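Trainee: below is the structure, and that's it, no one-letter string:
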């Protein structure tokens, strides 16, 4: 139990003001995080469907290419490379959460996504390579969104726990302490007034008694 003094009462009142202000700020932060999180979740669902469809189409076209080509020719075509890719990672601060931002830098020799010759390959292989190339940027964005969702979900949970601690523990505790200290201070003040009144009455009675004796 806290010490029922005026200094402690002042400290508890300041604590209550600070906790109430912090509670509002954290609630606002939590609500904004949830809003942005839900937007990312919706984009994630749409993008995942698009990526899965693209990969499904590419896999089907690769299966057709494998059926129409020898394994040696297919492996040789896929091992050829005329492209280099660099993935750069930066971060963006969103409500105190550092979420990733991916960007790519490609170097394609001859501006051609096909790194093999066309003499011994099939059109199905071309279609498969094109499908993968078309969905690649979406895959990068999907990875960015999913990582952002993980980080934001963790921050939302941490903020929620802080809000609950303030709302159900710290603020009620400060309010209860203020009530207790105020009650004790009022009791002490009443006791002091009663004692002062008794002393005053005793002094008055003594003065009356002395005047009687003197007369």
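Mentor: Perfect, thanks for sending it. This structure is a prediction, so every number in the text was calculated from the model and none was measured.
Trainee: okay, now the unreliable bits of the protein?
Mentor: Counting by pLDDT under 70, the chain contains low-confidence ranges at 78, 80-83, 107-120, 215.
Trainee: who are the neighbours in contact with the spatially most central residue of the chain?
Mentor: Nearest residue to the geometric centre of the chain (Cα atoms, centre = their mean): residue 155, 2.5 Å. Shown in contact with residue 155 (Cβ atoms under 8 Å, 6 or more residues apart in numbering): 33, 95-97. To be clear about C-beta, it is placed using only N, CA and C from the backbone, and glycine gets the same treatment.
Trainee: return the members of these classed as buried.
Mentor: 33, 95, 97 (16 or more other Cβ atoms under 10 Å).
Trainee: in strands, which of those fall?
Mentor: Among those, DSSP state E puts residue 97 in strands.
Trainee: tabulate the buried ones among the contacts of residue 155 in JSON lines, adding columns for distance to residue 43.
Mentor: Output for the buried ones among the contacts of residue 155, formatted as JSON lines (distance: Cβ to Cβ, whole Å):
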{"residue": "33", "distance to residue 43": "16"}
{"residue": "95", "distance to residue 43": "17"}
{"residue": "97", "distance to residue 43": "16"}
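Trainee: for the buried ones among the contacts of residue 155, which one is nearest residue 165?
Mentor: The closest of these to residue 165 turns out to be residue 33 (Cβ to Cβ; 17.1 Å).
Trainee: circling back to that earlier point, among the contacts of residue 155, which two are most distant?
Mentor: Spatially, the most separated pair among those is 33 and 96, at 9.0 Å (Cβ to Cβ).
Trainee: in the chain, where's the longest helix?
Mentor: Identified as the longest helix of the chain according to DSSP state H is helix 6-68.
Trainee: pull the distance from that helix to the chain's centre.
Mentor: 7 Å (Cα atoms, centre = their mean, to the nearest Å).
Trainee: elements contacting it?
Mentor: When contacts are defined as 3 or more Cβ pairs under 8 Å, 6 or more residues apart in numbering; DSSP states H and E, helix 6-68 sits against helix 123-165, helix 171-214.
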